[in-house]
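[1] I'll drop the sequence and a predicted model, then ask my questions.
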Amino acid sequence: MIGAILSLAEAVAWRAELRTEGKRVVFTNGCFDILHRGHVEYLKRARVLGDALVVGLNSDTSVRRVKGDLRPILPQDDRAAILASLRAVDVVTIFDEDTPYALISALVPDILVKGADWKISDVVGRDVVEGGGGRVVTVEYVPDRSTSVVIDTIRSRYC
């Protein structure tokens, strides 16, 4: 199932099916607002760590709580559709909470991926993944590629 946008229940059922096939599921999460090269490279690096990549996507309300009232720029349905269209992404599922802890707890991925700016000890869901026999991996970002940089560039040129 490549490029699917699934509810939590659908994602859990899909994950269970992959588990019976002995496939390793990788999970990462984020807002992915204004998709850019840094996001794409990050997702490609995450995907090669296993057999399938699940992206937990912050809902619009979650993004506003985490990033402030001016975000997201793109609505969750657009962000989900763009992510799902990427070759590296197998499944996108949207979550409303501030963190993906409940989603990670439901999926129990084999590998949990975050950017290298995170200390592994601080990664949300680490306890669940490691408790299930999995591991947490950090991957490097592409330098100078972030949504904040894109927004700042737009502001400086056009505002």
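    Received it, and whenever you're ready, just let me know what you need. Keep in mind that what you see is a predicted model, and the values were worked out from it rather than measured.
[2] In this protein, mark out all the helices, start to finish.
    8-20, 37-47, 60-67, 76-84, 101-107, 126-131, 147-158 (DSSP state H).
[3] got the angle between the last one and helix 37-47?
    Read it as helix 147-158. 160 degrees (axes from the mean of the first three to the mean of the last three C-alpha atoms, to 10 degrees).
[4] Check the fourth one too.
    With the same axes, to 10 degrees defining the directions, helix 76-84 sits at 60 degrees from helix 37-47.
[5] give the contact list for the residue most central in space within the chain.
    Centroid check for the chain by C-alpha atoms, centre = their mean gives Asn29 as the closest residue, at 2.2 Å. Neighbour list for Asn29: Val55, Gly56, Leu57, Asn58, Phe95, Pro100, Leu103 [criterion: C-beta atoms under 8 Å, 6 or more residues apart in numbering]. C-beta here means a position set from N, CA and C on the backbone, and glycine is covered the same way.
[6] Name the nearest of those relative to Asp77.
    Leu57 (10.0 Å; C-beta to C-beta).
[7] and the nearest residue to Ala46 once chain neighbours are set aside, bridged to which residues?
    Of all residues not flanking Ala46 in the chain, Val113 sits nearest, at 4.2 Å (C-beta to C-beta, 6 or more residues apart in numbering). With DSSP bridges as the criterion, Val113 is bridged to Val137.
[8] what's the distance between Val113 and Ala13?
    To Ala13, Val113 is 22 Å away according to C-beta to C-beta, to the nearest Å.
[9] picking that back up, who wins for neighbours among the contacts of Asn29?
    Val55 (29 neighbours; other C-beta atoms under 10 Å).
[10] looking at it, it is touching Val89, isn't it?
    Yes. Using C-beta atoms under 8 Å, Val55 is in contact with Val89, at 5.5 Å.
[11] intersection of neighbour lists for the two?
    Leu43, Leu83.
[12] Turn the helices of the chain into CSV, columns for mean pLDDT and distance to Ile120.
    Below are the helices of the chain laid out as CSV (pLDDT from 0 to 100; distance: least, C-beta to C-beta, whole Å):
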stretch, mean pLDDT, distance to Ile120
helix 8-20, 97, 22
helix 37-47, 95, 15
helix 60-67, 96, 21
helix 76-84, 97, 24
helix 101-107, 98, 14
helix 126-131, 98, 7
helix 147-158, 73, 23
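[13] Gly133 - how many residues pack around it?
    Gly133 has 8 nearby residues by other C-beta under 10 Å.
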